[in-house]
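Q: A predicted structure for the sequence below; I have some questions about it.
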Amino acid sequence: MKIARTGRCLLGALALGSVAGGVAVRAETVPPPLPIEPTGVIETLPATYPPSWFLVHDAAFFHMGDGKVYIIDTAAETLAQQVKGMVNVSMIGNIAQSARRNEIYATETFHSRGNRGDRMDVLTIFERQTLAPAGEVILPTGKRFMGMPQRYALLLMNDDRWLGVANFSPATSVTLIDLDSRKIIGEIPTPGCVLIYPAGKSGFSSLCADGRFLSTELAADGSVAKQTRTDVFFNSDTSPIFERPAVIGDTAYFPSIAGLVHPVNVGAGVAEVGEAWNLVPEAERAENWAPSGIGLIDRDDQGRFYIIMHPDARDGSYQGGGPEVWVYDAAAKKRVQRIKLQAWGLTLAVSRGPDPVLMVVNPTDMSLEMYDTRSGEFIKTISGFGQETPLMVHGSR
Amino acid sequence: MKIARTGRCLLGALALGSVAGGVAVRAETVPPPLPIEPTGVIETLPATYPPSWFLVHDAAFFHMGDGKVYIIDTAAETLAQQVKGMVNVSMIGNIAQSARRNEIYATETFHSRGNRGDRMDVLTIFERQTLAPAGEVILPTGKRFMGMPQRYALLLMNDDRWLGVANFSPATSVTLIDLDSRKIIGEIPTPGCVLIYPAGKSGFSSLCADGRFLSTELAADGSVAKQTRTDVFFNSDTSPIFERPAVIGDTAYFPSIAGLVHPVNVGAGVAEVGEAWNLVPEAERAENWAPSGIGLIDRDDQGRFYIIMHPDARDGSYQGGGPEVWVYDAAAKKRVQRIKLQAWGLTLAVSRGPDPVLMVVNPTDMSLEMYDTRSGEFIKTISGFGQETPLMVHGSR
Amino acid sequence: MNLLDKAFERQSRQLAQRSSRRGLLKTLGGLLVGAGTIPLLPVARATAADGPARPAEQGDPASCDYWRYCAIDGFLCSCCGGSENTCPPGTEMSPVTWIGTCRNPADGRNYVISYNDCCGKSSCGACLCQRDEGDRPPYRPDKTNDINWCLGTSSAAYHCSTAIVVGVAFEDK
Amino acid sequence: MNLLDKAFERQSRQLAQRSSRRGLLKTLGGLLVGAGTIPLLPVARATAADGPARPAEQGDPASCDYWRYCAIDGFLCSCCGGSENTCPPGTEMSPVTWIGTCRNPADGRNYVISYNDCCGKSSCGACLCQRDEGDRPPYRPDKTNDINWCLGTSSAAYHCSTAIVVGVAFEDK
């Protein structure tokens, strides 16, 4: 009987460790047993993640205190090969990656008793090789931006020496962190303006309710050198834009909810807004196509940006995603690809490097779908790795 | 345009508060508007929960740090009426209810950084009226029983003045808590024996690996008066029993994995094991019926116990649940009802009082099914209240 | 998650397909019209006592299409142990909220609705309801619903959302 | 939870229908045969180096029916960034474990398998595998799989389970 045998095996194991060895020594023709394997071995990852790796952020909408960011190799064929690891990120945090430092940064919030008790807000610094916390910076309590995941709630600046953390309490500001000392340099108010977008080498811009940017230039010590408000370029009531741009080189492309795109020069200390152009070819405008989604836009390294589009746009449909991804040659202001999704897309991300792939979150089954960026063809679905509500995806950097 | 109007309404609301009032005064024939409603109102519950209320413990198998215990009124028809509230219970805790104190007790475990950092084990005391913590007792770290939910990992003793918390580290002991002072009285070693079952008015028994009970009698101050080991009554290798009894009056009915039931007198300070009898009528034994499940057994106030049964029992099938619930008249040692479930049952619970209802967790869709205990008829399904892995259910006490 | 429960699955699809944000709404207006300033409207409250009878409310407060929810996004407290205007036991109501404007079919009036959230416990998980109208990105705090507005509360944990009548809206027809 | 993923749904049914415990196994025997005492078996380790070639392993370590998993219950580390005998990055391997005995189809031998768990992160969520054999209630710590065995670790959070060969089992036929 199996049960009894198992019981005896416990003693057997100790006895036979040596007996088995003895057998192998006596009879060379008998294949030796499997070697005893070491315990306590923990896997590690390369410091630089290959372009095919993505960070899939499951904010755990039904258990927000237990969010998860899965590291997925989209080039691998089997689930076992695809899943490289996971880090917990608590309370719909946001993440950023530094290729220079081989670190992943995450804003997290904890309470002393799970969902109750004393609150603590933390910037956790994960090592990419170990996916373990290498350090943390305690943030001012109750300020850090907490909402649907953003690509620009955290910003690396000054050759990755500084990290800016966008605050929203709802008073808006930026907490500037020195990543060398892992200490807070200071907090910079951005009244009426939110989030944090690149502006030159070591500055940032914020997007304002009155339809302009507030650009903040910083001195070498991280203090504010100058804050400048640009001219109004949109009306947040009648011609609102998405707060989610694709940044290609020195240009950030901000789509509007109606379907225009505003190119913004972010190469200088002060944002320079260029002339908007229409994402929708004239012939198709009757179908009322418009951008929609959460992580709805991303770019590749060949100067193209990718955006989720839906037809029959109406008030309130701008965050629901859509059935197609449209690809644009940003410089040529021209749509170069129109990708029909298997079902629906809520969020997308594009890999870096010469052969980019497109990953799209299919909200109907919470799976990830992989598409060829050249042919637009569907390649495969990646799912079952534990994701429940993967609301944001980041290509590895 | 809706958007613009909304904007203006913000001012409108303030202006019109008085205007609306004015209108109502001038024109008595115009129906007055809805009254302005107070904010900040929090619901409360009765101190004594009706018999139709159950506590559904979702251990959140995929987010164990964010377990939830839902308070569900099974007598209500709509979901809105069924859900009375929820408390979080972190890290597969266990709960107990005191009718005398109107409190719910839960063992919880927290870490200073969610799933990492300093560990703290706590007994949280929730008020039944407010479902808010009324207090807590810090437990010795890393000891409290943490596993699939049990009904006898916590035990109220001495007219609910004491609460015993079963420990498993894997060293086994019981932490005795004074609920008046909410302080720990002491820790009582139970070497080789686990969990905590009633034994007289203010003692407890533990179940031992060698097939007997260890009964602990306590002095008035909570110190150990005497520990007694009963005779061996089962063999944990060849004739194992479930650690999950149904306690009717002074008798605890412990089912065996093979399908016997061992009546144990728990009315005295030392457990007295009675003669086992077979749950399976002779004519049906060829079908190899046996008990199976997690919360597989419970009792009503009419002297009956209810147990999940499955046919074709094999090694390893004793925790998988089954397709039927069998009901027994404990005193008569007779099966009085055989309830065929809609699909499958993993866990069950029976309500107290003169008209008990049977609630069964259907693991194929994680719903709760309600059955008439007299006719055995299926009444309705309760689901969609947020449950994901409801592994244990408790009738309110 | 209740894997096979159709209603739940539908809710999850909505969560995914229809903007998906955390489910808390508020405006700077809320700072004016929120809990703290209800006493500013004594007259309207007074008239509630006399005059012709009010038409009965229409609709089910546990249904996403209930009139008050025109701009709500989150778990309906009506399905969590609270109601359309009260929080479930043991939670804490957020002091400030986003304000929506919804038309009451019973009297044809537009009302200002304050979507106070209930905080301090994790997601209720029932009756997820998404009705984006007039929503804007976070650069418009007075209109954004992408933020976890359990900010003014002792806990950041979001549980469910209410929809409280705080006034009659200005009719601009 | 991936609502419509069939494999996942099946796993969840298993979770629910087949004993459902947390997924960590260990015995008092584990206290003897666990990590700390591996050095007690130097001979067996030495023979690994010489003699005839070993037969290649059969089966997929990411599949629940892989031979080593005869007594496992939990998420397979092979699907979580680890392998059948290593933990995913950033986790901590439990120092002591439940020991199972599984027959290797490649050489017909029974091996003692140590199911060390990986702790410190929340549930991996992939490849839930349940194969109850010889399991007993908690009064038999050496055989129970109803316990969260992330006890000897700094964190109580369970992430996934490994299946490590720690010896050749006594053949009692």
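A: Yep, it's here.
Q: count of neighbours near the residue of the stretch 201-350 of chain A found nearest chain C?
A: Taking C-beta to the nearest C-beta, chain C has its nearest neighbour within the stretch 201-350 of chain A at A:Q319, 3.1 Å off. Using the backbone N, CA and C atoms, a C-beta is placed for each residue, glycine as well. By the criterion of other C-beta atoms under 10 Å in any protein chain shown, A:Q319 has 26 neighbours.
Q: what of A:M309?
A: Counted with other C-beta under 10 Å, A:M309 comes out at 27.
Q: which helix or which strand is home to it?
A: strand A:304-310 (DSSP states H and E).
Q: please name every helix or strand in contact with whichever helix or strand comes after that strand.
A: Later in the chain than strand A:304-310, the nearest helix or strand by DSSP H and E is strand A:322-329. Helices and strands touching strand A:322-329, by 3 or more C-beta pairs under 8 Å, 6 or more residues apart in numbering or on different chains; DSSP states H and E, are strand A:304-310, strand A:334-345.
Q: dump those strands into a markdown table; add mean pLDDT and distance to A:E37 as well.
A: Shown next, in a markdown table, are the helices and strands packed on strand A:322-329 (pLDDT from 0 to 100; distance: least, C-beta to C-beta, whole Å):
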| stretch | mean pLDDT | distance to A:E37 |
| --- | --- | --- |
| strand A:304-310 | 98 | 45 |
| strand A:334-345 | 97 | 42 |
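Q: show me what residue of the stretch 201-350 of chain A gets nearest to chain D.
A: A:A343 (10.3 Å).
Q: which ones are touching that residue?
A: A:323, A:362, A:364-365 (C-beta atoms under 8 Å, 6 or more residues apart in numbering or on different chains).
Q: looking at those, spot the one nearest chain B.
A: A:D365 (16.6 Å).
Q: which pLDDT value goes with that closest one?
A: Note on A:D365: pLDDT of 95.
Q: go on, A:R374?
A: 95.
Q: same check, this time on C:Q14
A: We have a pLDDT of 40 for C:Q14.
Q: can you give me the helices for the stretch 1-150 of chain A?
A: Under the criterion DSSP state H, counting those that start in this stretch, the stretch 1-150 of chain A contains helices at A:2-26, A:79-82.
Q: and those, which one is worst for confidence?
A: helix A:2-26 (a mean of 32).
Q: please pull out the lowest mean pLDDT helix or strand from chain C.
A: Using mean pLDDT, DSSP states H and E, helix C:28-33 stands out as the lowest-scoring helix or strand of chain C, at a mean of 24.
Q: can you give me the helices in chain C?
A: C:6-17, C:28-33, C:42-47 (DSSP state H).
Q: for residue 100, which residues are in contact?
A: If you meant another chain, say so; for now it's chain A. A:159-160.
Q: you looked at the wrong chain, it should be chain C
A: C:G100 is in contact with B:6, C:25, C:70-72, C:112-113, C:115, C:133-134, C:163, counting by C-beta under 8 Å, 6+ apart.
Q: what are the bridge partners for it, then?
A: Counting by DSSP bridges, C:G100 is bridged to C:I113.
Q: for chain A, which spans come out with low pLDDT?
A: A:1-28 (pLDDT under 70).
Q: repeat for chain C
A: For chain C (pLDDT under 70), the answer is C:1-52, C:171-173.
Q: the strands in it, which residues?
A: C:73-75, C:92-93, C:99-103, C:110-114, C:117-119, C:128-130, C:158-161, C:164-168 (DSSP state E).
Q: now those strands in JSON lines, with distance to A:S383?
A: Formatted as JSON lines, these follow (distance: least, C-beta to C-beta, whole Å):
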{"stretch": "strand C:73-75", "distance to A:S383": "25"}
{"stretch": "strand C:92-93", "distance to A:S383": "37"}
{"stretch": "strand C:99-103", "distance to A:S383": "36"}
{"stretch": "strand C:110-114", "distance to A:S383": "38"}
{"stretch": "strand C:117-119", "distance to A:S383": "32"}
{"stretch": "strand C:128-130", "distance to A:S383": "21"}
{"stretch": "strand C:158-161", "distance to A:S383": "27"}
{"stretch": "strand C:164-168", "distance to A:S383": "40"}
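Q: tell me which of those sits nearest to A:P311.
A: A:P311 sits nearest to strand C:128-130 of all these, at 19.8 Å, using C-beta to C-beta.
Q: which helices and strands does the closest one pack with?
A: Here strand C:128-130 touches helix C:6-17, strand C:73-75, going by 3+ C-beta pairs under 8 Å, 6+ apart.
Q: 10 Å instead, please
A: Helices and strands touching strand C:128-130, as assessed by 3 or more C-beta pairs under 10 Å, 6 or more residues apart in numbering or on different chains; DSSP states H and E, comprise helix C:6-17, strand C:73-75, strand C:158-161.
Q: list the contacts of C:A106.
A: By C-beta atoms under 10 Å, 6 or more residues apart in numbering or on different chains, the residues touching C:A106 are B:31, B:34, C:54-59, C:67.
Q: check C:I164 too.
A: B:36-41, C:34-35, C:38, C:68, C:83-86, C:93, C:97, C:99, C:111-116.
Q: among the residues you listed, which ones are buried?
A: B:36-37, B:39-40, C:34-35, C:38, C:68, C:83-86, C:93, C:97, C:99, C:111-116 (16 or more other C-beta atoms under 10 Å in any protein chain shown).
Q: what's the distance between A:G321 and A:L296?
A: From A:G321 across to A:L296, the span is 7 Å (C-beta to C-beta, to the nearest Å).
Q: with C:C70 instead?
A: 24 Å.
Q: of these two, who's got more company?
A: In terms of neighbours (other C-beta under 10 Å), A:L296 is the more surrounded of C:C70 and A:L296; the figures are 25 against 21.
Q: much appreciated, bye for now.
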